[in-house]
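**Student:** I would like to see how this sequence folds:
(one chain, ligands or ions: 1)
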Amino acid sequence: MASFQEMLWAWPASTLEKYAWRAFHWSRDLSPLPDALAARFPRGFAWGAATASYQIEGSTAADGRRPSIWDTFSHTLGRTRNGETGDTACDHYRRWSEDVDLMADLGLRAYRFSIAWPRVQPDADGRVNERGLDFYDHLVDALLARGIEPFVTLYHWDLPQALEELGGWRDPEIVGRFAEYASTVARRLGDRVRHWLTLNEPQVFSVLGYAFGHHAPGLRDWRAALLVAHHAHLAHGAAAQALRREVPGARVGLALNLVRYEPASQQPADLAAADRVDGTSNRWFLDPVFGRGYPADVTDLFGDLLDGLDLDAVRSLSAPDLLGINYYTRELVRAADDASDPARAAIVRPAVPRTTMGWEVYPEGLRLTLERVHRQYAPASIVISENGAAYPDLAGADGSVSDPERTAYLASHIAAVADARDGGVPVDGYFVWSLLDNYEWAEGYGQRFGLVRVDYETQRRTVKESGSWYRELLAAAPR
Ligand code: IFM
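**Tutor:** Purely as a prediction, here's the structure:
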């Protein structure tokens with residue numbers, strides 16, 4: 001008779017992996033098992049993963065695409081880690097079909113991707129490049145054929161360089177141009193795409209791009225950042241109208257990055273500083289999007305940086321049908337007398353578990369953020385449009401990656417979503433950032449967020465352990 005050990009080794013690898021995984025959980029009590037977690041969500045929940053055009057596509061000169069501000073920025077000396085660019089990235093523009101197979105293999109029910117504006121309207125004259133649209137047309141067909149629901153983001157930071165040269169987001173004309181671009185994409189894809197996000201993270205592209213200079217186009221000018229944010233709000237409103245006109249029944253919204261800001265102490269000065277940062281980073285974007293105009297306390301903080309702006313114009317915006325929330329972390333805030341920061345605050349960084357981005361792992365912050373948004377803004381529907389973590393991901397010789405930290409991160413954050421849902425928050429979808437390791441902007445290829453490892457030398461894809469865990473969760477999720 002075979003020994004227990006021999007029987008163990010004779011089991012199919014998948015069974016072994018499954019039990020090893022369970023033993024790992026029982027011993028470390030890290031998170032609920034995938035099937036127990038999946039059972040907390042309803043049928044029809046949009047389980048997915050997200051990506052963005054410049055971060056994965058490569059082929060930056062193919063089929064009529066022309067440069068975006070990120071091509072220019074990443075090719076400028078000293079702007080990105082090791083001078084890395086998105087020229088090749090994950091080569092997804094050529095490997096998209098294989099990548100859709102990968103999504104199907106993971107069991108994704110939804111996929112969030114962005115359209116590269118410079119593929120669709122490469123030049124300042126607004127001429128439509130049909131070959132650029134063909135790419136997304138084929139992608140949408142392939143997704144639907146696999147039962148994967150497309151969620152389209154129109155702008156994930158790759159502004160055509162030609163428009164930047166006319167003033168880009170600082171020029172009020174961008175509002176009409178963005179609406180025209182939205183109509184163009186909607187006319188091509190709107191017969192099949194129902195879920196639309198206009199902008200990804202206007203706070204990040206305005207502040208990091210125009211006030212801090214860390215992102216394209218690399219300016220350091222708070223007034224420019226506020227002008228950009230203002231035009232972004234108006235562009236969102238105009239594009240939302242265009243999408244609703246072109247696509248009957250469309251669900252339209254945008255993705256906001258929301259950080260949970262908490263005071264570093266209970267001192268009144270720190271409490272006030274945390275509220276100020278929440279105001280300049282979160283409320284400055286939430287309030288207008290829900291048609292409330294800009295928050296008066298934050299308008300006071302920005303003061304004459306806002307001179308000449310028609311702030312009331314954002315009052316015409318109507319609430320999104322779906323709000324995308326990109327959540328990653330919490331930040332602890334203390335008061336600081338730094339004249340260059342309108343919020344006069346500093347971030348405190350205690351030694352707590354962090355990802356390689358330096359971001360605290362704080363799943364509770366996701367539940368609190370969801371409850372707060374539900375209580376204060378009551379969106380009809382919320383999707384977690386991004387959530388995930390970068391870790392070192394040392395690969396074995398065969399490319400395999402054991403990444404229990406990422407699995408624990410995802411499991412604990414998905415549990416936080418389930419808790420919020422139990423409390424009545426209408427969350428209808430969850431997208432891991434990201435499907436693939438990819439180009440992390442100024443951080444180049446140094447930060448890996450994927451469920452799937454990408455070997456950038458060979459472009460080989462290998463599902464990480466966290467990806468297998470997510471597949472198990474999705475297989476158990478009610479259909
Ligand atoms: O990679 C980015 C993404 O493009 C926008 N949200 C945050 C992610 C991680 O930094």
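**Student:** gap between residue 58 and residue 95?
**Tutor:** Separation of residue 58 from residue 95 (CB to CB, to the nearest Å): 9 Å. To be clear about C-beta, it is placed using only N, CA and C from the backbone, and glycine gets the same treatment.
**Student:** quick one: name the residues of this structure near the ligand.
**Tutor:** Residues of the chain lying close to the ligand by CB under 6 Å from any ligand atom are 52, 55, 201, 326, 386, 433, 440.
**Student:** tell me which of these fall in strands.
**Tutor:** Applying DSSP state E to those, the entries found in strands are 326, 386, 433.
**Student:** tell me what the first one is bridged to.
**Tutor:** It refers to residue 326. residue 257, residue 386 (DSSP bridges).
**Student:** which residues sit in contact with it?
**Tutor:** For residue 326, the contact set (CB atoms under 8 Å, 6 or more residues apart in numbering) comprises 200, 201, 255, 256, 257, 258, 384, 385, 386, 387, 433.
**Student:** my guess is the last one contacts residue 388, does it?
**Tutor:** Yes. Here residue 433 reaches residue 388: they are 3.8 Å apart, a contact under CB atoms under 8 Å.
**Student:** lowest-pLDDT helix or strand in this protein?
**Tutor:** Lowest on mean pLDDT, DSSP states H and E among the helices and strands of the chain sits helix 4-10, with a mean of 36.
**Student:** what residues are up against residue 429?
**Tutor:** Contact partners of residue 429, counting by CB under 8 Å, 6+ apart, are 45, 46, 47, 48, 110, 151, 383, 384, 385.
**Student:** just name the closest of the residues you listed to the ligand, please.
**Tutor:** residue 385 (8.9 Å; CB to the nearest ligand atom).
**Student:** count of neighbours near the nearest residue to that closest one once chain neighbours are set aside?
**Tutor:** Closest residue in space to residue 385, ignoring its immediate chain neighbours: residue 324 at 3.2 Å, by CB to CB, 6 or more residues apart in numbering. Look at residue 324: counted by other CB atoms under 10 Å, it has 28 neighbours.
**Student:** what does residue 398 give?
**Tutor:** Neighbours of residue 398 (other CB under 10 Å): 6.
**Student:** for it, helix, strand, or coil?
**Tutor:** Secondary structure, DSSP: H, G, I helix; E, B strand; the rest coil: residue 398 is coil.
**Student:** show me where pLDDT drops low in this structure?
**Tutor:** Within the chain, the ranges that satisfy pLDDT under 70 run 1-32.
**Student:** now with 50?
**Tutor:** Filtered on pLDDT under 50, the chain yields the residue ranges 1-29.
**Student:** mind checking the longest helix of it?
**Tutor:** When the chain is parsed with DSSP state H, its longest helix is helix 222-246.
**Student:** what residue lies at the spatial centre of the chain?
**Tutor:** Compute the mean C-alpha point of the chain, and by CA atoms, centre = their mean the closest residue is residue 386, 4.1 Å away.
**Student:** pretty sure it sits against residue 430.
**Tutor:** No. Using CB under 8 Å, residue 386 is not in contact with residue 430; the gap is 9.7 Å.
**Student:** residue 331 belongs to a strand?
**Tutor:** Yes. Secondary structure of residue 331 (three-state DSSP): part of a strand.
**Student:** can you pull the contacts of it?
**Tutor:** 259, 260, 261, 262, 277, 347, 360.
**Student:** list the residues that contact the first one.
**Tutor:** In other words, residue 259. Shown in contact with residue 259 (CB under 8 Å, 6+ apart): 281, 282, 327, 328, 329, 330, 331.
**Student:** what about these, which one has the most neighbours?
**Tutor:** That'd be residue 327 among these, by other CB under 10 Å, with 27 neighbours.
**Student:** quick one: it and residue 377, what's the gap?
**Tutor:** Taking CB to CB, one finds residue 327 at 15 Å from residue 377.
**Student:** isn't residue 205 right next to residue 232, touching?
**Tutor:** Yes. Using CB under 8 Å, residue 205 is in contact with residue 232, at 7.5 Å.
**Student:** which neighbours do these two share?
**Tutor:** In contact with both residue 205 and residue 232: 169, 199, using CB under 8 Å, 6+ apart.
**Student:** burial measure for residue 338, as a count.
**Tutor:** Using other CB under 10 Å: residue 338 sits among 11 other residues.
**Student:** now do the same contact list for the spatially closest residue to residue 52 that is not a sequence neighbour.
**Tutor:** Excluding the flanking residues, the one nearest residue 52 by CB to CB, 6+ apart is residue 156, at 3.8 Å. For residue 156, the contact set (CB under 8 Å, 6+ apart) comprises 52, 53, 54, 55, 114, 200.
**Student:** just checking, the last one touches residue 157?
**Tutor:** I take that to be residue 200. Yes. Look at residue 200 against residue 157 with CB under 8 Å: they come within range, at 6.8 Å.
**Student:** overlap in contacts, these two.
**Tutor:** By CB under 8 Å, 6+ apart, the residues touching both residue 200 and residue 157 are residue 52.
**Student:** distance of residue 89 relative to the ligand?
**Tutor:** In this view, residue 89 and the ligand are 12 Å apart by CB to the nearest ligand atom, to the nearest Å.
**Student:** so that residue belongs to a helix, correct?
**Tutor:** No. Counting by three-state DSSP, residue 89 is not part of a helix but coil.
**Student:** may I ask you to confirm that the residue nearest to residue 385 belongs to a helix?
**Tutor:** No. Residue 324 is assigned strand when assessed by three-state DSSP, not a helix.
**Student:** contacts only, for it.
**Tutor:** Contact analysis of residue 324 by CB under 8 Å, 6+ apart lists 197, 200, 253, 254, 255, 256, 382, 383, 384, 385, 386.
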